[in-house]
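>>> Just the structure for this:
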Amino acid sequence: MKKIQLALLMMTMLLLGACSNNGANNEEKEQNKQDVSEESVGFSLMGDSIEEAENIPKEEKEQILQAFDTYISTFNEKELDAYMETLSENTESFDLEEERTHTESIFKDYNLVREVSDVTIVKYSEAEAQVFAVLKSSLKQLSTGLETSENGRQVTVFTKENNEWKVSSVHYLGDDAMKQ
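You can find the predicted model right below:
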């Protein structure tokens, strides 16, 4: 039972910020997981072909990839303030105070490490960038030592605020959901 709870907690944590479906019923939520519209994240998370956007200026590409790296590394290193700095203040996807409280709780009770590969900017405009990545997440409950891991795909949406790229939403689909 604890393994199931940990797996569910891990899924919840990987969806940090992906709260745009708060009012949807379960059937709608499941459909949204399986078929994220192209308007919201630029492409389907279910597809096999991931292509980099063609119109990215070199300097912007470096800044976006650095912002993504900082977002991942500050979480992995449990640097709460630095992690919170990577998040947008102008988003409807999550509440910053709730995110701080939730993340602080995770850092206290768990060791969660996210390893990324295939990092690709799949959509770009001057105001928004979408970064695709394959994630391997390993979760260990500190009090019990119980461990679990999950693989999946994530699109992290960044918006440009005060000349910095900030996370405005996260869309995640675990490999188990893709098999259904």
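
>>> For R114, give the beta-bridge partners.
Note on R114: beta-bridge partners by DSSP bridges are S137.

>>> Relative to E98, how far out is V170?
In this view, V170 and E98 are 14 Å apart by CB to CB, to the nearest Å. In short, each C-beta sits where N, CA and C put it, glycine included.

>>> Settle it for me: which of those two has more neighbours?
Ranked by neighbour count (other CB atoms under 10 Å), V170 and E98 place V170 first, with 21 against 10.

>>> So in terms of bridging, what pairs with that one?
With DSSP bridges as the rule, V170 is bridged to T156.

>>> was I right about it contacting F158?
No: with contacts counted by CB atoms under 8 Å, V170 stays clear of F158, the gap being 10.3 Å.

>>> which neighbours do these two share?
Common contact partners of V170 and F158 (CB atoms under 8 Å, 6 or more residues apart in numbering): none.

>>> any idea where the strands of this structure begin and end?
110-124, 128-141, 147-161, 164-174 (DSSP state E).

>>> worst-scoring helix or strand of the protein, pLDDT-wise?
Sorting the helices and strands of the chain by mean pLDDT, DSSP states H and E puts helix 26-34 at the bottom, at a mean of 37.

>>> Determine how far the longest helix along the chain lies from the middle of the whole chain.
With secondary structure taken from DSSP state H, the chain has its longest helix at helix 58-76. The chain centre lies 13 Å from the centre of helix 58-76; the measure is CA atoms, centre = their mean, to the nearest Å.
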